[in-house]
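In: Mind looking at a prediction? Sequence and model below.
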Amino acid sequence: MEAFRDCLADRGLADLGFSGYPYTWDNKRDEQDNIQVRLDRATCTDSFLSMFPETKVEHILTEESDHQALLVRVLETAPSHTGGGPRLFCFEEAWIRHEKYEEMIVEAWDAANSGEEGLAAVWQKLGSMAGSMQRWEREVFGSIRKKIKLLKAQLLEAKERALSTGYQQEVRDIEEQLREVYEREEIMYRRRSRVDWLKAGDQNTQYFQNRASHRKGKNTVKRLQRDDGSLCTTDDDMRAMVATFYENLFTSEGFAGADDLLQNIQKEEETTVCSQVGDDESIQ
């Protein structure tokens, strides 16, 4: 198996993953003689994945053959889903390279201060901070891809003007801005791909982007199984199912054995605790 993985790496191929039954080959024997393994896989190159980032592979059960069929759905974009919930907060490491980042953090923290104390107040303050950072991302930081596209257009215009005027400083300034935005883009995709063993500074944005696409496809939840064994496949039903699960998980069922627990506290321990408080001390 290690040699097979080396072969894939040498040819620049990546496993597309799968959904469905986990094994693709069955020797059709009984009990302890039965062997099932995942022999059949769909692979692709990074260039293919960049063109069709939402490609999916599904294992199709077959009755006659000892191999499962593989259905490959080649998609440029994921099917759209309506009625999605609010956008989750996700911190971007690339934000810290922005010249207004520290100023934004101080202002957002001060604005979130309600004067209250306690864990609930801290939680509320962090939620307010997340909202402020998301607004700052939209209004100030902006889309990195759109910024790159705009700067490239400005760079072309600056180069054309420099042909007639000989003034190159504008070109140099825009090139410097482009280098900074490219750095932010690489940081963003490196974080999303969770690959940190390549040296920072190498222009590996396409590699990180493909890794992020692989990881997104692998981590996408396509279905959930209910207690009765049936499958939940729609976004709304899966959201409701997850919400119900965690509500039940974190809902207290109470504790009826408090009296029994208190009866086990020894009188000696109570006397020792009380004796440690002097006559001149007051209990707040």
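Out: Cool, got the structure. Numbering: from 1, shown residues only.
In: what's near enough to touch Pro45?
Out: Rather than Pro, residue 45 is Thr. Gly12, Leu13, Ala14 (Cβ atoms under 8 Å, 6 or more residues apart in numbering). For the C-beta atoms, the positions are set from N, CA and C on the backbone; glycine is no exception.
In: State the pLDDT value of the first one.
Out: Think Gly12. Here the pLDDT value assigned to Gly12 is 80.
In: residues near it, how many?
Out: 11 (other Cβ atoms under 10 Å).
In: can you offset everything so residue one is 171?
Out: Yes, from this point I'll number from 171; that puts the last item at Gly182.
In: Please name the bridge partners of the closest residue to it other than its chain neighbours.
Out: Nearest non-adjacent residue to Gly182, counting by Cβ to Cβ, 6 or more residues apart in numbering: Thr215, 5.3 Å away. Listed by DSSP bridges, the beta-bridge partners for Thr215 are Leu183.
In: In three-state terms, label Tyr337 for me.
Out: coil (DSSP: H, G, I helix; E, B strand; the rest coil).
In: Mind pulling up the pLDDT for it?
Out: Per the predicted model, pLDDT is 80 at Tyr337.
In: before we move on, which element is the nearest residue to it once chain neighbours are set aside in?
Out: Leaving out its chain neighbours, the residue that sits closest to Tyr337 by Cβ to Cβ, 6+ apart is Arg331, at 7.2 Å. Under the criterion DSSP states H and E, the helix or strand holding Arg331 is helix 314-335.
In: Distance from the very next helix or strand once past that helix to the middle of the chain?
Out: Sequence-wise, the next helix or strand downstream of helix 314-335 (DSSP H and E) is helix 339-363. Using Cα atoms, centre = their mean, to the nearest Å, the mean C-alpha position of helix 339-363 is found 22 Å from that of the whole chain.
In: Run the angle between helix 339-363 and helix 314-335 for me.
Out: Between the axes of helix 339-363 and helix 314-335, defined by axes from the mean of the first three to the mean of the last three Cα atoms, to 10 degrees, the angle is 160 degrees.
In: Flag every buried residue along helix 339-363.
Out: Buried residues in helix 339-363, counting neighbours by 16 or more other Cβ atoms under 10 Å, are found at 340-341, 344, 347-348, 351, 353-363.
In: ok, now which ones touch the residue nearest to Arg396 when sequence neighbours are not counted?
Out: Nearest residue to Arg396, sequence neighbours excluded (Cβ to Cβ, 6+ apart): Cys402, at 5.9 Å. By Cβ under 8 Å, 6+ apart, the contact list for Cys402 reads Arg393, Leu394, Gln395, Arg396, Met408, Met411.
In: pLDDT value on the residue nearest to Tyr337, please?
Out: What the model reports as pLDDT for Arg331 is 83.
In: now the one 10 residues further on
Out: Val341 is assigned a pLDDT of 85 by the prediction.
In: residues touching it, list them.
Out: Val341 is in contact with Leu325, Ala328, Lys329, Ala332, counting by Cβ under 8 Å, 6+ apart.
In: Tabulate these in a markdown table, adding columns for distance to Lys226 and neighbour count.
Out: Output for the contacts of Val341, formatted as a markdown table (distance: Cβ to Cβ, whole Å; neighbours: other Cβ atoms under 10 Å):
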| residue | distance to Lys226 | neighbour count |
| --- | --- | --- |
| Leu325 | 38 | 17 |
| Ala328 | 43 | 20 |
| Lys329 | 43 | 14 |
| Ala332 | 48 | 15 |
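In: Kind regards, and thank you for your time.
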